[in-house]
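Chemist: generate a structure from the sequence data that follows.
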Amino acid sequence: MACFGLYCGKTLLFKNSSAEIYGECGACPRGQRTNEEKYCQPCTESPELYDWLYLGFMAMLPLISHWFCIEWDSLKNCSNGVLFQQASAFFECSMAAVVTLLVSDPPGTLSIYSCGVLMLSDWYTMLYNPSPDYITTLHCTQEAVYPLYTIVFIYYAFCLLFMMLLRPFLVKKIQWILYIPNPFESIYTALFFFPVLTVLQAVAGGLLYYAFPYIVLVSSLVNLAVYLVFAKIEIYSDLIRKDRLLVLFSHWFLHAYGIIALSRKDQFEEDLIFLILVPVPAFFYFFTTKFTKPSRIISEGAKGQ
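Modeler: Sure thing, here's the model as predicted:
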């Protein structure tokens, strides 16, 4: 029987030196994907650089959300221990990432097998089941982008687990040293944004896969501009502070991250030259901010009259 549908294939049931026996047409098992001949083949490829960058982007979303919520709570409650709580969040997310890689195929290593991504429809195989006009009982919904779709959910689960196990213990210990009025506020907030991130991956994972370089670039530029304006950093000497340098380098890292993700695979080395543009927006702001002060513009306008 021929296999209809874009993602339907025949699974290998038995193989010896003389013959290969395949089952009926249907969805491929997890970790396999149909080939051009409509046979399910195991995924044994290594993820491309772009795939790793996508996983890194999805791994940064909980960490950035943690840091934002901790910073927001500190402004609202004027609490101490912000740096400690942010370090705890970084440790939790790092441990979750390592454990996720260790439990993924092949287990016990920091590498993973991947099927790769060929097109946007690979993320939404449920929409490409065969038409009822051909076969009414055949459904070929599967993870064609194995493991880029489900590994994110596993990572979020470990993030939540480590947060519930480690942060209450660590924060409770440090509370005797630093005054933290409501040390569990950031934990309560995380219980809200983790479901949002999970739904975002479930619904828009494929769209994020293709759009995340642009999201990173635009977000880093906008956040950097807002930070420079509201922090009232007008000259380079105002920037020589550890906290401000840390924020600036973080934005530069994200900007470089987006540029590398946009690099074409066939001309990756040539595209790396664009990394020299990373500090340009910040330096442009430093050199032009004295000419755009509202007070100076008003005063010069008054002189002109």
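Chemist: now the nearest residue to residue 106 once chain neighbours are set aside: how far from residue 96?
Modeler: Excluding the flanking residues, the one nearest residue 106 by Cβ to Cβ, 6 or more residues apart in numbering is residue 113, at 6.6 Å. Where C-beta positions appear, they are placed from N, C-alpha and C, glycine not excepted. Distance of residue 113 to residue 96, computed by Cβ to Cβ, to the nearest Å: 20 Å.
Chemist: confirm that residue 10 sits in a strand.
Modeler: Yes - remark: residue 10 belongs to a strand, assigned using DSSP: H, G, I helix; E, B strand; the rest coil.
Chemist: count of residues packed around it?
Modeler: Residues near residue 10, counting by other Cβ atoms under 10 Å, number 19.
Chemist: ok, back up a step: list the contacts of the residue nearest to residue 106.
Modeler: Listed by Cβ atoms under 8 Å, 6 or more residues apart in numbering, the contact set of residue 113 reads 31, 42, 43, 44, 45, 46, 105, 106, 146, 147.
Chemist: just the buried residues out of the residues you listed, in ChimeraX syntax.
Modeler: In ChimeraX, this line selects whichever of these come out buried by 16 or more other Cβ atoms under 10 Å:
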select :31,43,105,146,147
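Chemist: same list, the contacts of residue 113, but as a markdown table with distance to residue 91 and secondary structure please.
Modeler: Shown next, in a markdown table, are those (distance: Cβ to Cβ, whole Å; DSSP: H, G, I helix; E, B strand; the rest coil):
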| residue | distance to residue 91 | secondary structure |
| --- | --- | --- |
| 31 | 31 | coil |
| 42 | 35 | strand |
| 43 | 31 | coil |
| 44 | 33 | coil |
| 45 | 31 | strand |
| 46 | 28 | coil |
| 105 | 26 | coil |
| 106 | 26 | coil |
| 146 | 29 | coil |
| 147 | 24 | coil |
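Chemist: so which elements touch the longest helix along the chain?
Modeler: For the chain, the helix that runs over the most residues, judged by DSSP state H, is helix 185-230. Packing partners of helix 185-230 (3 or more Cβ pairs under 8 Å, 6 or more residues apart in numbering; DSSP states H and E): helix 49-77, helix 150-174, helix 242-262, helix 280-288.
Chemist: can I get the ones you listed in TSV with distance to residue 221 and mean pLDDT?
Modeler: Below are the helices and strands packed on helix 185-230 laid out as TSV (distance: least, Cβ to Cβ, whole Å; pLDDT from 0 to 100):
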stretch	distance to residue 221	mean pLDDT
helix 49-77	16	85
helix 150-174	25	87
helix 242-262	7	79
helix 280-288	6	77
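Chemist: how about these in JSON lines, adding mean neighbour count and distance to residue 128?
Modeler: JSON lines is the format used below for the helices and strands packed on helix 185-230 (neighbours: other Cβ atoms under 10 Å; distance: least, Cβ to Cβ, whole Å):
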{"stretch": "helix 49-77", "mean neighbour count": "18", "distance to residue 128": "21"}
{"stretch": "helix 150-174", "mean neighbour count": "17", "distance to residue 128": "18"}
{"stretch": "helix 242-262", "mean neighbour count": "16", "distance to residue 128": "27"}
{"stretch": "helix 280-288", "mean neighbour count": "13", "distance to residue 128": "42"}
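Chemist: residue 200 is nearest to which of those?
Modeler: Among the helices and strands packed on helix 185-230, the nearest to residue 200 by Cβ to Cβ is helix 49-77 (8.2 Å).
Chemist: now do the closest one against helix 150-174, angle only.
Modeler: Orientation of helix 49-77 against helix 150-174 (axes from the mean of the first three to the mean of the last three Cα atoms, to 10 degrees) gives an angle of 30 degrees.
Chemist: I'd like the numbering to begin with 16 instead of 1 from here.
Modeler: That works, and once the first residue is 16, the last one we named lands at helix 64-92.
Chemist: next, the angle helix 200-245 makes with helix 64-92.
Modeler: Using the same axes, to 10 degrees: helix 64-92 against helix 200-245 is 100 degrees.
Chemist: so which elements touch helix 64-92?
Modeler: Looks like helix 64-92 contacts helix 97-118, helix 165-189, helix 200-245, helix 257-277 (3+ Cβ pairs under 8 Å, 6+ apart).
Chemist: in the first one, what counts as buried?
Modeler: When burial is assessed from 16+ other Cβ under 10 Å, helix 97-118 yields the following buried residues: 97, 99-101, 103-104, 107-108, 110-112, 114-116.
Chemist: and which of the residues you listed is nearest to residue 23?
Modeler: Nearest to residue 23 among the buried residues of helix 97-118 is residue 115, at 29.7 Å by Cβ to Cβ.
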